[in-house]
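> quick one, structure for this:
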Amino acid sequence: MDPSVIVQIVACTLATLCSIGAMGIAVWTVHESRRPQPVAFLEHVRDKSCVLFVVENFGTGIASNIEISGFDYALVGEDERKSVERSFVETGIPMLVPGARRDTLLLGGAGDMRERLDVSCSVTLHYNERGLLGGSRHREEEFLLDMGSFAGSLYTMSDFHNLVAAAKNIAKSLEKMSK
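Residues are numbered from 1 along each chain as shown. Here you go, the predicted model:
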């Protein structure tokens with residue numbers, strides 16, 4: 001066999017293998033770019049002096065059958081405990097589309113927060129995502145919930161809250177003027 005034919009066969013074989021590899025990488029990249037990315041965190045709402053437990057999907061795919069394990073009820077205020085027990089913390093989240101979130105009130109009031117600044121726990125989100133070949137793939141991710149990270153937070157009222165207070169003052173003044 002002519003050596004130039006052997007070189008051509010080898011070159012064609014290598015080019016074919018490289019093309020198949022490139023297609024595989026492209027399919028994998030598209031799949032990875034469409035993954036869900038559910039995240040669990042605490043959110044301090046300053047103008048209402050409360051703390052929320054939030055699960056939000058920052059990814060571009062759908063997370064389904066989300067279950068939460070490891071949640072510590074020491075993070076929860078006495079008045080909010082029953083609501084949290086009936087929330088997604090216990091029941092899970094059937095589906096969380098990209099950009100969607102679920103939240104539940106853990107603490108209402110600065111006093112409750114000061115009592116729990118030393119409380120933290122790690123929660124694990126168990127969820128399913130669409131696999132590369134269309135099936136369901138199970139995932140687990142762990143997140144630290146640390147109430148102490150809010151130590152020293154300022155309780156400032158939002159602009160909306162200030163507008164409401166101003167409107168109430170105007171209403172009182174108008175009522176006094178009309179008497």
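> just grab the bridge partners of the spatially most central residue of the chain for me.
Nearest to the mean C-alpha position of the chain, counting by Cα atoms, centre = their mean, stands Glu56 at 2.5 Å. On the basis of DSSP bridges, Glu56 is bridged to Val39, Arg101.
> does it touch Pro36 like I think?
No: contact criterion Cβ atoms under 8 Å: Glu56 and Pro36 do not qualify, at 10.6 Å. Every C-beta, even on glycine, is put in place using the N, C-alpha and C of the backbone.
> which residues do these two both contact?
Leu96 (Cβ atoms under 8 Å, 6 or more residues apart in numbering).
> just for the protein, where's the confidence low?
Within the chain, the stretches with pLDDT under 70 are 31, 110-112, 152-161.
> all strands of it, in order?
In the chain, the segments counted as strands under DSSP state E are 38-45, 50-57, 63-69, 93-96, 101-108, 120-130, 136-146.
> so which of those strands is the most surrounded?
Of the strands of the chain, the one with the most neighbours on average (mean count of other Cβ atoms under 10 Å) is strand 50-57, at a mean of 21.
> contacts for that one, please.
Here strand 50-57 makes contact (Cβ under 8 Å, 6+ apart) with 36-45, 63, 66, 68, 71, 75, 84, 88-89, 93, 96-109, 113, 125, 145, 147, 150.
> how about His44: what's its closest non-neighbour residue?
For His44, ignoring the flanking residues on the chain, the nearest one in space by Cβ to Cβ, 6 or more residues apart in numbering is Phe150 at 5.0 Å.
> report the contact partners of that neighbour.
Here Phe150 is in contact with Leu42, His44, Val51, Met113, Leu117 (Cβ under 8 Å, 6+ apart).
> and the closest residue in space to the first one that isn't next to it in sequence, bridged to which residues?
If the residues on either side of it in the chain are set aside, Leu42 comes closest to Leu145, at 5.3 Å by Cβ to Cβ, 6+ apart. The bridge-partner assignment for Leu145, based on DSSP bridges, gives Cys121.
> give the contact list for Leu145.
For Leu145, the contact set (Cβ under 8 Å, 6+ apart) comprises Ala40, Phe41, Leu42, Phe53, Phe71, Asp72, Leu75, Ser120, Cys121, Ser122, Val123.
> repeat that with 10 Å
40-42, 51, 53-54, 70-72, 75, 106, 119-123 (Cβ atoms under 10 Å, 6 or more residues apart in numbering).
> equivalent analysis for His126, please.
Counting by Cβ under 10 Å, 6+ apart, His126 has contacts Pro38, Asn65, Ile66, Glu67, Ile68, Ser69, Gly92, His138, Arg139, Glu140, Glu141.
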